[in-house]
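Undergrad: Output the structure for:
(4 chains)
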2 protein chains.
Amino acid sequence: MKSGLTVQEVAERTGLSAHTIRYYERIGLIPSVGRAPNGHRRYTETDVGWIEFLKCLRSTGMPLAEMLRYVALQQEGEGTFQERLALLEAHRHRIKAKIEELNKLLERIEAKINWYRSREVQSG
Amino acid sequence: MKSGLTVQEVAERTGLSAHTIRYYERIGLIPSVGRAPNGHRRYTETDVGWIEFLKCLRSTGMPLAEMLRYVALQQEGEGTFQERLALLEAHRHRIKAKIEELNKLLERIEAKINWYRSREVQSG
DNA sequence: ATACAACTTAGAGTATGCTCTAAGTCAAGA
DNA sequence: TCTTGACTTAGAGCATACTCTAAGTTGTAT
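TA: Coordinates of the predicted model:
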C-alpha cells in the first residue's frame, strides 16, 4: 500500500523541479504536505492537483506574491470567497489582455518577417 | 530647427524609461545614437521606430541576449538575412505557442472562477 | 551671478524566481 | 558492513532585467 507520492514523482508529473516544489512549500504556497515516518514528503492526488493549479497561475504570469495572497485567503476560510474570486477574475482579465497584446505584437513581427521574405526573393 | 528627440521625449513616446533606453544603448541594443554638441543623446524617428521594435520583441518575451544576437546579425550586413529571418520565425513560433498555452490555461482558470461563482449563489 | 533642471557616465543595487550546495539522515542492495 | 541514492534543512548563489545613485557638465531662466 502506497502512502503517497515522493517529491520526485510529483516533479515528474507536474514538470516542476523537485527544488522548485520544495521552494514553493517553503514560502507557503503548498501548506500541509504530509510526511512519511522518516520525514520524507508524501503527496496526495489533491496535492498534485493543487501544484498543477499553482503551475497554471505561474505560467499565466501571476507573481508568487499574489499566489501567496490567494493561499492566505484560502486558509482564512469561507469568508474570503469573494476576495478569492475577485483575485482570479483580475488575473483572468490580465491574461486576456496579454493574449490580445501578443496577438497584436505578433502581427507586427509577422510584418517584419514578410518584409524579410520579400527581400529574400529579390536578393536570391 | 530640431536636431532630434531627447532621451526623455523618446521615453514618453515609447513607454520605456529613460534609464532603460540608456541601458539598452549601453548593452548594444541601440547602436549609433547621435549626440548633440554637448554630448546629449539625440534620437531620429528611425531610432524611435527601432526602439519600438525592440519593445515589441521584449513584450513578446524575447530575452535581451537574443535581441543582441539580432542586432549583431544586422550589423554584419546583408549576408545574415537568412539568419535574421530564422530568428524572427522561431520567435513567432514561440509567441504562437505561448498564445495557445495562455488560451488553454485561461480556460482552466475560468473553470475555477465558475466553480467559485456556483458556490457564491448557494452561500449568498 | 546663480539656481535649477536635464543631461552624461560607470557602476552599484534591487526584484523576482528559481537553482544549487552543504551537511546530515535513512533505507535498501552487494 | 558498506556503499549508494534519495531524501531532509537552511541558506547561499545565480540569471535576468532593469533601476537607481553619484559625481560631474551644461543650458536656460531669474
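Undergrad: Every contact and neighbour count from this point should use C-alpha atoms.
TA: Will do.
Undergrad: which residues of chain A fall in helices?
TA: Secondary structure of chain A by DSSP state H: the helices cover A:7-14, A:18-27, A:45-59, A:64-76, A:81-122.
Undergrad: Can you pull the poorly scored residue ranges out of chain A?
TA: A:1-2, A:121-124 (pLDDT under 70).
Undergrad: Write out the residues of it neighbouring chain B.
TA: Contact residues, chain A versus chain B (C-alpha under 8 Å from any C-alpha of the partner chain): A:56-57, A:59-60, A:81-82, A:85, A:88-89, A:92, A:95-96, A:99, A:102-103, A:105-106, A:109-110, A:113, A:116-117, A:120.
Undergrad: Please indicate which of the residues you listed are buried?
TA: Burial by neighbour count, judged by 16 or more other C-alpha atoms under 10 Å in any protein chain shown, picks out A:56-57, A:60, A:81, A:85, A:88-89, A:92, A:95-96, A:99, A:102-103, A:105-106, A:109, A:113, A:116 from the residues of chain A next to chain B.
Undergrad: Tell me which residue in chain A sits closest to DNA strand C.
TA: Of all residues in chain A, A:Pro63 sits closest to DNA strand C, at 3.2 Å by C-alpha to the nearest atom of the strand.
Undergrad: ok, how many other residues are close to that residue?
TA: The tally of other residues near A:Pro63 (other C-alpha atoms under 10 Å in any protein chain shown) stands at 11.
Undergrad: Phi, psi for it please.
TA: phi -70, psi 150 (degrees, to the nearest 10).
Undergrad: Pull the contacting residues for it.
TA: Not one residue lies near A:Pro63 by C-alpha atoms under 8 Å, 6 or more residues apart in numbering or on different chains.
Undergrad: Distance check, it against A:Cys56.
TA: 12 Å (C-alpha to C-alpha, to the nearest Å).
Undergrad: And A:Ala111, by the same measure?
TA: 31 Å.
Undergrad: How about A:Ile21?
TA: Applying C-alpha to C-alpha to A:Ile21 and A:Cys56 gives a distance of 14 Å.
Undergrad: Give me the residues contacting stretch A:112-120.
TA: Here stretch A:112-120 has contacts from B:Phe81, B:Gln82, B:Leu85, B:Leu88, B:Glu89, using C-alpha under 8 Å, 6+ apart.
Undergrad: Could you check how many residues crowd around A:Tyr43?
TA: 20.
Undergrad: List the contacts of stretch A:91-102.
TA: A:Thr60, A:Gly61, A:Met62, B:Ser59, B:Thr60, B:Ile95, B:Ile99, B:Leu102, B:Asn103, B:Leu106, B:Ile109, B:Glu110.
Undergrad: Pull the number of nearby residues for A:Ser32.
TA: Neighbours of A:Ser32 (other C-alpha under 10 Å): 10.
Undergrad: same deal with A:Trp115?
TA: 12.
Undergrad: What's the separation between it and A:Ala36?
TA: 61 Å.
Undergrad: Next: A:Glu45.
TA: Taking C-alpha to C-alpha, one finds A:Glu45 at 16 Å from A:Ala36.
Undergrad: just A:Arg13 next, same as before
TA: A:Arg13 is 20 Å from A:Ala36, by C-alpha to C-alpha.
Undergrad: same check, this time on A:Glu107
TA: Distance from A:Glu107 to A:Ala36, by C-alpha to C-alpha: 53 Å.
Undergrad: next one: A:Ile95
TA: A:Ile95 is 39 Å from A:Ala36, by C-alpha to C-alpha.
Undergrad: In contact with A:Thr80: list those residues for me.
TA: A:Thr80 touches A:Leu73, A:Gln74, counting by C-alpha under 8 Å, 6+ apart.
Undergrad: now do A:Thr44
TA: A:Gly4, A:Leu5.
Undergrad: Can you get me a residue count around A:Ile21?
TA: Neighbour number of A:Ile21 under other C-alpha under 10 Å is 19.
Undergrad: Repeat that for A:Pro31.
TA: Count around A:Pro31 with other C-alpha under 10 Å applied: 14.
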